[in-house]
Each structure stands twice: as structure tokens, then as C-alpha cells.
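In: here is my input, please return the structure:
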Amino acid sequence: MPGFIRSSIVAYIAVVNLTFATAFSVPERGGLLRYSCSSSSLSSPVEAPPAFALQAAASSTTLDAQTIVNSSPNLTPTGGDLKAWAKGFTTCPSELPPTILDLDLPADFPVGTYYRNGHARFEADDGTKVLHPFDGDGMIVAMTFDPEKKRMLFRNKFVETKGYMEDKATGKMSARGLFGTMRSGGILANAFRMDYKNVANTNVVHCGDSLYALWEGGLPYCLNPLTLENKNGPGLAVKFDPIVGSTITVFELDQETFRSSKPSFPSIISEGPGLIHDFIITDNYCIFNINECSLDGKNGLKALCGLSGFASAIDIDVSATQTSIVLIPRNLFDETEGVTGIDYLTDERISVCRVPNHFNFHFGNAFEDEDGNVVFDTVQTTEIDLSGMSDLNDVPVWDLPAPFDLITPNTLVRYTIDVNNKCISSVTAPKTLSTRIPEFPSLPKEMSARKHRYLYPVAAHKQIEVDLNKKGSGPAGALQKVDTENPELTETFTFEPYEFPGEAVFAAKAGRDITQPGQEDAGYLLVHIVNGKDITTDFAIFDVEGKGSLEKGPILRQELPTFLPHMLHGNFFDGVTFDFESASKLS
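Out: Numbers count the residues shown, from 1 in each chain. The predicted structure is shown next:
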């Protein structure tokens with residue numbers, strides 16, 4: 001690690017105007033951690049199939065050979081029960097105060113807290129529906145682990161955003177959503193209303209003595225890490241900005257104060273809007289995937305008139321042949337002049353590498369190899385179309401007859417970038433790591449920006465033949481331990497057709513240094529599993545150390561005391577704990 005990295009640095013955050021984006025990167029234990037968000041925004045106050053051939057990565061699992069009984073006509077081609085999946089968008093029925101639960105934790109499970117954020121409310125009290133998950137009000141779920149006494153402290157609470165509190169006070173949908181959800185009251189109540197609700201539903205970060213609920217369209221909400229109550233009152237209002245153009249500003253934040261100690265906040269500009277959700281860092285770069293986008297005038301007008309969501313106004317050019325991988329040098333944080341409003345297409349300090357056109361929501365990780373090349377793993381798809389959100393007609397996307405028939409399948413791909421020549425390496429071609437419709441690729445936080453071997457994405461219930469030129473996808477129904485060095489050794493664990501795992505979070509085993517050779521997988525995966533048949537949610541722990549470990553299934557699986565719907569991102573914070581007895585009396 002260069003001297004630039006200090007232990008007090010906590011995060012890198014990109015704030016993007018007229019572009020969907022926010023992501024965090026945090027150094028911890030000498031490594032760098034990226035906290036990525038997964039929602040979208042059009043403004044903020046303060047990414048043709050690859051030219052290389054795709055081959056399905058073989059799996060060593062024996063569980064995939066099990067027959068998934070096709071007893072339901074609702075099964076997607078990937079083996080997921082569509083009706084059960086849709087039931088996963090049922091509003092969480094209860095908020096629980098800190099509650100002690102018995103949990104048979106292994107002796108080497110780390111002391112700490114697993115926080116998770118996600119959309120959990122899908123209608124207002126007057127029946128007005130949320131039309132897209134990303135418009136749902138955020139809920140924080142917290143699980144603090146005490147392995148010595150084999151118990152956990154569980155609690156969950158909706159983020160008390162300005163919009164959520166107004167909704168509860170009025171019984172109505174008080175503000176529009178970016179993805180098509182409308183205020184209560186019909187067209188007249190929505191026309192020319194350019195404000196939208198900060199739903200704080202995407203990710204969650206613990207810093208100092210506070211918790212931050214993140215969303216890409218506005219500032220974070222600061223919460224009490226024990227009670228999950230709002231600490232700083234209502235957040236700032238956010239508005240749709242119709243001006244064509246995008247600015248990406250990157251901040252480096254301190255882990256205790258959640259504030260920047262650097263003299264500069266580098267920013268780059270580009271013509272037209274953008275759709276950016278995630279980014280990655282290495283020792284020397286902050287890296288973005290920027291697609292060719294434009295403003296759709298027709299859908300923009302419909303959004304202005306209250307007839308569609310703001311997001312539908314962004315038109316991603318699926319006919320483009322290339323995508324830009326943009327590398328912003330991290331030494332710009334230490335410069336005091338000429339680091340704002342940089343035109344990344346003309347400024348020599350910014351490296352732009354053109355790769356075959358694709359879109360991505362999530363990266364896995366990135367690092368610099370011994371030759372100075374940047375290596376990164378990304379979940380990519382050939383196209384994404386937001387215009388469909390202009391014609392939902394009051395029908396939530398999960399209630400559409402065949403929503404996955406509208407989606408192009410994902411693949412997990414590794415790229416090696418020759419930074420000096422600003423191109424894909426001529427020595428190491430792009431490599432497909434998984435074609436099982438992977439998403440949410442995670443890895444140990446200690447391995448962020450380091451050379452890694454394993455990634456842990458969710459994947460489809462079963463492998464299908466992937467045609468990147470055709471639409472047809474499916475929900476998450478499996479976990480994978482992807483071997484980036486030897487994809488044929490990838491392991492998979494498959495759930496029932498009516499069960500859907502969320503993003504897996506890695507927690508290193510107590511006393512283990514996973515940055516040491518041969519120790520990278522010495523940890524546990526923490527997973528929430530939505531049962532859409534019974535409307536329940538389980539918590540599971542997988543020991544992933546060693547060959548074949550994931551395939552053995554969870555070492556612990558327990559139903560949670562309340563149903564949690566499909567949610568988004570979370571993180572495990574080692575050492576964050578509380579007095580269980582005192583906390584349990586707060587109710």
C-alpha cells in the first residue's frame with residue numbers, strides 16, 4: 001500500500017449529479033473496502049456483447065445434480081418459483097426492538113454486528129402502491145453476535161426519513177419515487193412535482209458511534225447503531241435536475257467522523273446523463289464504468305407531467321460498441337488546484353480504456369498486478385432499459401406476468417486493463433467466471449483492492465444456456481464460491497425453488513488473517529433467505545473454508561422472528577457490540 005493510505009481513512013464516496021451512483025470504499029486492517037450502493041438517482045444535493053466467447057463455468061457441486069421438481073407452472077427457466085418470488089415483496093409486518101435470541105454460533109465466530117439495508121415497505125396506508133422495489137422505504141436489520149454465550153441481539157426498524165414519517169402521519173404516499181411510484185392523489189398531485197423521496201434503502205455503514213443509511217439520490221441518514229433510531233432529524237430535500245450533463249465527485253472520508261480530511265474532492269464531468277451504481281478502487285485509482293447515455297425527451301416530458309418515473313428519462317445506448325472504463329488517480333485528493341470539473345475525455349491525468357459495450361450494476365473487486373495492470377471483476381449485461389418504467393400503469397414490476405423475460409442475463413467477467421496503453425491487455429484476455437446469472441458479488445472486506453481468488457455471488461437456481469443476445473433471466477436461488485483462478489472449480493449451493501437468498505456477507509473467523517496465503521476463505525457467509533411460499537425469512541451461516549465447504553450447506557439456519565422481504569446491501573462490522581441485557585430492556 002502506498003503512503004497515501006492512512007488508517008484513519010474510511011471511505012470513498014462518489015456523488016453524481018444527473019447520474020445514478022453512490023459507492024463507498026473503506027480501508028480496514030491494511031486493506032481497502034468498497035461499500036457499494038444499489039439504488040438510483042437523477043440528482044444529488046452535496047454503466048454489443050463482449051467480443052470474446054462466453055463459456056459457462058463448470059461447477060464442482062453435486063447439489064446442482066439434484067432434480068428440481070417442476071411441480072409448479074410458475075417456475076422460471078432458471079428454476080425459481082415466480083409467484084413465491086413476487087411474495088417476497090410483501091411489506092415487513094413488524095419492527096422489533098433489541099431482542100436477545102439463542103443462536104448456536106461456532107466457537108470461532110467473530111464478535112460483531114451484521115447490518116443490512118433494503119426496501120421493506122411496498123404500499124402506503126391508503127393503498128397507493130410502490131411500483132418498483134428501489135422506491136420502497138428502507139429498513140435496517142441489525143444482528144449483533146455473542147459467540148461465547150451463543151446468542152444474538154436482533155432488531156429491525158424502518159429508516160425514519162422525512163418521506164417515511166410524512167407517509168405515516170398522513171396515511172398517504174407523500175412523495176414520488178425515482179422509478180415510477182406516484183404520490184397519492186392521481187395525476188394532478190404528481191404533475192410538475194420535481195421532488196422525490198429519499199428512501200435511504202440501499203446500504204449501511206458503521207462509523208465511529210453512528211450508523212449511516214445510504215441512498216444514491218440524497219444525503220445519508222445518521223442513525224443510532226443500537227436502537228436504529230434517527231439521530232439527526234429529517235434529511236435534505238432532493239429534486240430532479242433536467243439539465244443534461246453529469247458530474248462525478250469523489251470524497252475520501254474518515255472512519256470516525258464520516259468527514260473528509262483531504263484538501264480536495266476530485267470531480268469529472270461528461271456530456272449527457274449517466275447510469276452509475278457502483279465503482280471500485282485500487283492502490284492508485286478510483287474506477288468507474290461509464291456508458292453512452294442520453295436524455296429521452298419523450299419520457300422526460302412524461303416524468304415532468306407525473307405520468308412516469310424520473311429514471312425512465314435516461315436512455316442507455318444499446319447500439320454503442322464500447323463502454324468507457326474511467327480511472328481517476330487517487331493522488332488528486334492531495335492536489336489543491338485543477339481537480340474539479342475535469343473533462344475525463346481530454347484530461348491526460350484521467351485514463352480511459354474502451355472495452356466491449358456492456359452495463360454493470362456491481363463490481364466484485366479490483367487490484368493492480370505486478371506489471372501495473374488493473375484487474376477487475378464485474379457483473380455485466382449487454383443492455384438495460386429503463387423506459388419500461390414509464391408504462392407500469394400502476395402495476396408493480398413484480399406483479400408483471402413475466403418480468404424476467406424482459407431482462408438480459410448477467411455474467412461475471414474478469415478484465416485486465418493495460419493502464420499504460422489504455423486498453424484491454426493483449427496478454428490476458430477477458431475471462432468469464434460465471435454464467436449462472438450471478439449478482440451481488442461479495443468478498444472479504446480485508447481483500448478489497450488486494451489480489452483475491454474467491455468471490456461469493458448469488459446465482460440462479462439452476463444453470464441455463466446463456467445467450468447474451470436474448471432476454472431471459474431469473475431470480476437468485478443459489479450461492480456460489482467462484483474461483484477466479486480456476487472457474488471450473490467453482491462451488492454452488494442451491495436452495496428450494498421458493499427460496500431466494502440475498503447478498504452474502506463475509507465474516508472472517510476469529511483470530512484468522514485472511515490476507516495471508518491460503519487463508520483467504522477462512523470465514524463464514526451470512527445470508528438472509530426469503531421463503532416466498534410461507535412468507536418467512538431465515539438467517540443462515542455457511543462455513544466456506546476449504547474445498548467443497550459451501551456445498552455442504554449451512555452450518556446454522558434459523559427462522560427470524562419477523563418476515564424480511566428481498567433487501568439490498570449489508571456489511572459485517574467486526575468488534576461492534578453492545579450490552580445485551582441493557583439493550584433488551586430498551587423495549
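In: point out where the protein drops to low pLDDT.
Out: For the chain, the stretches with pLDDT under 70 are 1-73, 233-245, 387-393.
In: 80 instead, please
Out: 1-73, 232-246, 255-256, 270-274, 385-393, 587 (pLDDT under 80).
In: what's the spacing between the residue lying farthest from the centre of it and residue 182?
Out: Within the chain, residue 188 marks the point farthest from the mean C-alpha position, 34.3 Å out by C-alpha atoms, centre = their mean. As judged by C-beta to C-beta, to the nearest Å, residue 188 and residue 182 stand 11 Å apart. C-beta: built from backbone N, CA, C; applies to glycine.
In: overlap in contacts, the two.
Out: Common neighbours of residue 188 and residue 182, counting by C-beta atoms under 8 Å, 6 or more residues apart in numbering, are residue 306.
In: do me a favour and get the end-to-end distance for stretch 458-469?
Out: In stretch 458-469, first residue to last residue: 22 Å (C-alpha to C-alpha, to the nearest Å).
In: mind listing the helices for this structure?
Out: 82-87, 162-170, 297-304, 580-584 (DSSP state H).
In: counting by contacts, list what the longest one packs against.
Out: Yep, that's helix 162-170 we're talking about. strand 137-146 (3 or more C-beta pairs under 8 Å, 6 or more residues apart in numbering; DSSP states H and E).
In: buried deepest among the helices of the chain, which one?
Out: helix 82-87 (a mean of 21; mean count of other C-beta atoms under 10 Å).
In: quick one: the strands in the stretch 351-500 of the chain, in order.
Out: Under the criterion DSSP state E, counting those that start in this stretch, strands of the stretch 351-500 of the chain are mapped to 351-356, 359-368, 374-381, 411-418, 423-424, 431-434, 439-442, 454-460, 476-483, 491-494, 499-501.
In: would CSV of the ones you listed with mean neighbour count be doable?
Out: CSV is the format used below for the strands of the stretch 351-500 of the chain (neighbours: other C-beta atoms under 10 Å):
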stretch, mean neighbour count
strand 351-356, 18
strand 359-368, 23
strand 374-381, 24
strand 411-418, 23
strand 423-424, 18
strand 431-434, 22
strand 439-442, 22
strand 454-460, 27
strand 476-483, 26
strand 491-494, 25
strand 499-501, 26
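In: using CSV, lay out those together with distance to residue 527.
Out: Below are the strands of the stretch 351-500 of the chain laid out as CSV (distance: least, C-beta to C-beta, whole Å):
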stretch, distance to residue 527
strand 351-356, 32
strand 359-368, 17
strand 374-381, 18
strand 411-418, 18
strand 423-424, 34
strand 431-434, 17
strand 439-442, 10
strand 454-460, 9
strand 476-483, 7
strand 491-494, 10
strand 499-501, 5
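In: right, and these - which one's nearest residue 168?
Out: Nearest to residue 168 among the strands of the stretch 351-500 of the chain is strand 499-501; the distance by C-beta to C-beta comes to 28.1 Å.
In: direction included, what does the closest one pair against?
Out: strand 523-531 (antiparallel) (DSSP bridges).
In: that older thread, quick one: which of the strands of the stretch 351-500 of the chain is nearest residue 289?
Out: strand 359-368 (5.3 Å).
In: now the angle from that closest one to strand 374-381?
Out: Orientation of strand 359-368 against strand 374-381 (axes from the mean of the first three to the mean of the last three C-alpha atoms, to 10 degrees) gives an angle of 160 degrees.
In: which elements pack onto strand 359-368?
Out: Strand 359-368 sits against strand 31-36, strand 280-281, strand 285-290, strand 374-381, strand 439-442, strand 454-460, with contacts defined as 3+ C-beta pairs under 8 Å, 6+ apart.
In: quick one: which of those strands is nearest residue 341?
Out: Short answer: strand 285-290, nearest of those by C-beta to C-beta, at 16.0 Å.
In: that older thread, looking at the strands of the stretch 351-500 of the chain, which is closest to residue 579?
Out: Comparing these under C-beta to C-beta, the one sitting nearest is strand 439-442, at 29.9 Å.
In: packing partners of that closest one?
Out: Where contact means 3+ C-beta pairs under 8 Å, 6+ apart, strand 439-442 is packed against strand 359-368, strand 374-381, strand 454-460, strand 476-483.
In: could you export those strands as JSON lines, including distance to residue 553?
Out: Below are these laid out as JSON lines (distance: least, C-beta to C-beta, whole Å):
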{"stretch": "strand 359-368", "distance to residue 553": "24"}
{"stretch": "strand 374-381", "distance to residue 553": "25"}
{"stretch": "strand 454-460", "distance to residue 553": "15"}
{"stretch": "strand 476-483", "distance to residue 553": "10"}
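In: mind checking which of those strands is nearest residue 200?
Out: Nearest to residue 200 among the helices and strands packed on strand 439-442 is strand 359-368 (18.8 Å), distances taken as C-beta to C-beta.
In: OK, contacts around residue 352?
Out: 324-327, 344-345, 422 are the contacts of residue 352 under C-beta under 8 Å, 6+ apart.
In: coming back round to it: as TSV, the helices and strands packed on strand 359-368 with distance to residue 158 would be great.
Out: Output for those, formatted as TSV (distance: least, C-beta to C-beta, whole Å):
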stretch	distance to residue 158
strand 31-36	21
strand 280-281	31
strand 285-290	32
strand 374-381	29
strand 439-442	22
strand 454-460	24
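In: which one of these lies nearest to residue 516?
Out: Using C-beta to C-beta, those put strand 31-36 closest to residue 516, at 12.2 Å.
In: ok, back up a step: in a markdown table: the helices of the chain, plus distance to residue 205.
Out: Formatted as a markdown table, those follow (distance: least, C-beta to C-beta, whole Å):
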| stretch | distance to residue 205 |
| --- | --- |
| helix 82-87 | 29 |
| helix 162-170 | 20 |
| helix 297-304 | 31 |
| helix 580-584 | 21 |
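In: which one of these lies nearest to residue 405?
Out: Among the helices of the chain, if distance is taken as C-beta to C-beta, the winner is helix 82-87, at 10.3 Å.
In: what is the closest one packed up against?
Out: Counting contacts by 3+ C-beta pairs under 8 Å, 6+ apart, helix 82-87 packs against strand 499-501.
In: try it again at 7 Å.
Out: Counting contacts by 3 or more C-beta pairs under 7 Å, 6 or more residues apart in numbering; DSSP states H and E, helix 82-87 is packed against no other helix or strand.
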